[in-house]
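K.L.:
Kindly return the folded structure for what I paste below:
(2 chains)
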Amino acid sequence: MNDVNTTMVDKYRNDFLKEVEENVEEGHWVKMCMQCGVCSGSCPFGPHWDHPPQEIFMMIRAGKRDEVLTTESMWMCTSCYNCIVRCPRELPITHIMHGLANYAHRLGIAPKMNPTRRFSAIFWNNITKTGRVNELALSLKLYFMDGFGNGVKKALAMKKVGIGMIKTKRLNPLALVNHKGVKNPKELHTLIKKAREIEDRRKGLAS
Amino acid sequence: MTDMVATNETILVVGGGISGLTAALEAAECGKDVVLVEKNPSVGGRVSQLYKYFPKLCRPTCGQEINLRRLKANRRIRLLTMAEVTNIKGAPGDYDVSISVRPRYVNENCTACGACSEATSVEIDDPFNYNMKKTKAAYLPYNMAYPQRYVVDPSIIGTEEADKVKAACKYDAIDLDMQDRTMEIKVGAVIWATGWQPYDAAKIQPYGYDRYANVITSVEFERMMDPFGPTGGKLLRPSDGKEVKNVAFIQCAGSRDRNHLTHCSRICCMASLKQSTYIGEQYGDGADAKATIYYIDIRAIDRFEDFYQKVQADEKVHFVKSKVANITEDRDTGDVVLHGVNTEGYHRYDNAHDLCVLAIGMQPSVRADEIAENVAADASGFIQMNGADTAIFGAGCAANALDVNRAVQSATAAALRAIQVVNRVSSAEA
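P.N.:
Predicted structure coming up:
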């Protein structure tokens, strides 16, 4: 367990709902759930979740902190918004799922090898570096995240698509060396750093 | 009717359903003059379309008979059918009301012999049976209709059919020259009892009421049990007329939902519990037939709890704690498949049923803020109490989502408030 996680465990001992309300994006909505189950039934990924949204909300109220924050469930959300559209109480369920995933990640207890989490981290590092996504670098990083052999296999499987994209100028092989970012990436970095500080302070994560 | 005298000591009751009838009778039996306005050709409202009441499972016709006898015996009530209030202006004790009356094309000579109906072959949708059935273009709205007088549908006026209908009448009761009329009357107080209408089920997109023949509403299911109804009292599903042996009820269809009606419609839980007993009534206790009720929570309060427990003990009735996510149709069998997750254990289900009944929500027929100035509406459009500057009182389901019992209580309360207003008027004039 890292420090932030220990701090939060101490702070919200036995009151996980409160912890979620205060720290998770849109977390204050969780208590409004009336357990009708329409979200879980509407989720296209439903059968593949360990815990569908309705169950996650109940687990939060039941104080099952470790089970909720370490599950892969909310990482399954594809943002199709079916649940939000149908929820009779208009809970922003999609946003809560992302909020929970983000919070678990920030605490450092999200499942390390979860592909969505890993992709999100790769994407974030890629886009914040220059202010624009370097698609080639992103794809390569993604292909090779499970080792060199796997990466070559994946790249070869996508060879045709890749060549097609180069031919139609949708992919620039030189982007690895001359990717154009925003004019002043330093300013962007300062901006993001400041935003992170503000958010951390608001959520009590500042160390 | 044309010589109708109304003063500012008269009470106007709008709507001749169970609430309006009750309010009118209570006020009239207290010695007040009442004008009772009903939009349809006969009184009785939605209660007359019910097969049975909950929780006693008795027939509404019984109470209706008593009310009709009270109505016939009371000379203080002036009944206007096929009439609608178009405007109300004024203040407590002094209202000017405009009423428009549609032609019935049948006068008081009618003996309800039915010869006119037999004379025509033209059929129209039958609103009494929620258009699940056709009726003749010269028709009696339903067997117990009061006034017991036929109606000629305006669609055949000016055609040969109308002449045939007129020729068939031995009593000179058909008057094809009747016209729309408007009348202006003065009243002291108004009791607004326009009741409710089922929420538009087609708006609940995932349930496919507009796409699947075997998804129907609770009010339509109720009509199936009537021996004179669209299926002759048998539970037959719309797509192929197959006997319904495996029926699903979906609770809160439109109610308690911020996308539809935010309020709890209150009657639907008990209505579905009641309707689940129709399975046993229809096929006998040992039969291979079942009902499944999908619910968020069953709201059977107070004395209704006993009824709930009785239904729970019935082996033919199953309960699934889940708001159904969506419905699909099995094209080969015509069955409807309900998809969702059961809250008790979070298990996914895809359950096929012969027929799905949406326990449809209740919304006011007329939004309170469209009635007149100073009439307050709540968020759902029901009339709110606002006694200070208005003598327009809500009664029954115009004021709230209520069952029959509570609607009658609400109507009696409204009658008392209206009586107080006209009493003030008469003591001021004395």
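K.L.:
okay, CA-based contacts and neighbour counts for the rest of this
P.N.:
Fine.
K.L.:
all helices for the chain, in order.
P.N.:
Just going to use chain A. Listed in chain order, the helices of chain A (DSSP state H) span A:3-11, A:16-23, A:38-42, A:53-61, A:65-70, A:82-86, A:93-107, A:115-130, A:135-143, A:148-157, A:159-167, A:175-178, A:185-203.
K.L.:
that's the wrong chain, I meant chain B
P.N.:
B:18-29, B:60-73, B:115-119, B:160-168, B:218-224, B:268-283, B:304-312, B:404-429.
K.L.:
Burial-wise, tell me which of those comes out on top.
P.N.:
Mean neighbours per residue, mean count of other C-alpha atoms under 10 Å in any protein chain shown, is largest over the helices of chain B for helix B:18-29, with a mean of 28.
K.L.:
what number of residues lie near the closest residue to chain A within the stretch 101-250 of chain B?
P.N.:
Nearest residue of the stretch 101-250 of chain B to chain A, counting by C-alpha to the nearest C-alpha: residue B:206, 8.6 Å away. By other C-alpha atoms under 10 Å in any protein chain shown, 14 other residues sit near residue B:206.
K.L.:
contacting residues for it?
P.N.:
Contacts for residue B:206 were tallied using C-alpha atoms under 8 Å, 6 or more residues apart in numbering or on different chains; they are B:325-327.
K.L.:
Redo the residues you listed as CSV? Include neighbour count, pLDDT and distance to residue A:106.
P.N.:
What follows is the contacts of residue B:206, written out as CSV (neighbours: other C-alpha atoms under 10 Å in any protein chain shown; pLDDT from 0 to 100; distance: C-alpha to C-alpha, whole Å):
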residue, neighbour count, pLDDT, distance to residue A:106
B:325, 23, 97, 33
B:326, 19, 96, 36
B:327, 22, 98, 39
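K.L.:
Just give me the closest of these to chain A.
P.N.:
Distance to chain A, by C-alpha to the nearest C-alpha, is smallest for residue B:325 among the contacts of residue B:206, at 4.7 Å.
K.L.:
Can you give me every residue that contacts that closest one?
P.N.:
Taking C-alpha under 8 Å, 6+ apart as the criterion, residue B:325 is in contact with A:37-42, A:86, B:206, B:338-341.
K.L.:
And residue A:45, by the same measure?
P.N.:
With C-alpha under 8 Å, 6+ apart, residue A:45 has these contacts: A:76-77.
K.L.:
same check, this time on the one 10 residues further on
P.N.:
Taking C-alpha under 8 Å, 6+ apart as the definition of contact, the neighbours of residue A:55 are residue B:346.
K.L.:
ok, residue A:199 - how many residues close by?
P.N.:
Count around residue A:199 with other C-alpha under 10 Å applied: 14.
K.L.:
go on, residue A:30?
P.N.:
Neighbours of residue A:30 using other C-alpha under 10 Å come to 22.
K.L.:
ok, and the closest non-adjacent residue to it?
P.N.:
Using C-alpha to C-alpha, 6 or more residues apart in numbering or on different chains and skipping the chain neighbours, the partner closest in space to residue A:30 is residue A:57 (6.0 Å).
K.L.:
Look up how far chain B lies from the one you found.
P.N.:
Per C-alpha to the nearest C-alpha, to the nearest Å, residue A:57 is found 12 Å from chain B.
K.L.:
what's the weakest-modelled helix or strand in chain A?
P.N.:
When the helices and strands of chain A are scored by mean pLDDT, DSSP states H and E, helix A:175-178 comes last with a mean of 84.
K.L.:
Summarise which helices and strands that helix is packed against.
P.N.:
With contacts taken as 3 or more C-alpha pairs under 8 Å, 6 or more residues apart in numbering or on different chains; DSSP states H and E, helix A:175-178 sits against helix A:135-143.
K.L.:
and the helix it packs on, how far out from the chain's middle?
P.N.:
Relative to the mean C-alpha coordinate of its chain, helix A:135-143 is positioned 18 Å out (C-alpha atoms, centre = their mean, to the nearest Å).
K.L.:
what does stretch A:101-119 give?
P.N.:
7 Å.
K.L.:
now do the same end-to-end measure for that stretch.
P.N.:
Terminal residues of stretch A:101-119 lie 13 Å apart, using C-alpha to C-alpha, to the nearest Å.
K.L.:
List of residues touching that stretch?
P.N.:
With contacts defined as C-alpha under 8 Å, 6+ apart, stretch A:101-119 is touched by A:1-2, A:4-5, A:23-24, A:69-72, A:74-76, A:142.
K.L.:
What about those residues, which one has the most neighbours?
P.N.:
residue A:74 (25 neighbours).
K.L.:
tell me the contacts of the residue located most distally from the centre of chain A?
P.N.:
For chain A, the residue at maximal distance from the C-alpha centroid (C-alpha atoms, centre = their mean) is residue A:167, at 33.4 Å. By C-alpha under 8 Å, 6+ apart, residue A:167 lies in contact with nothing.
K.L.:
what about it, distance to chain B?
P.N.:
Per C-alpha to the nearest C-alpha, residue A:167 is found 44 Å from chain B.
K.L.:
Spell out which parts of chain A neighbour chain B.
P.N.:
A:34-42, A:47, A:52, A:55, A:86-90 (C-alpha under 8 Å from any C-alpha of the partner chain).
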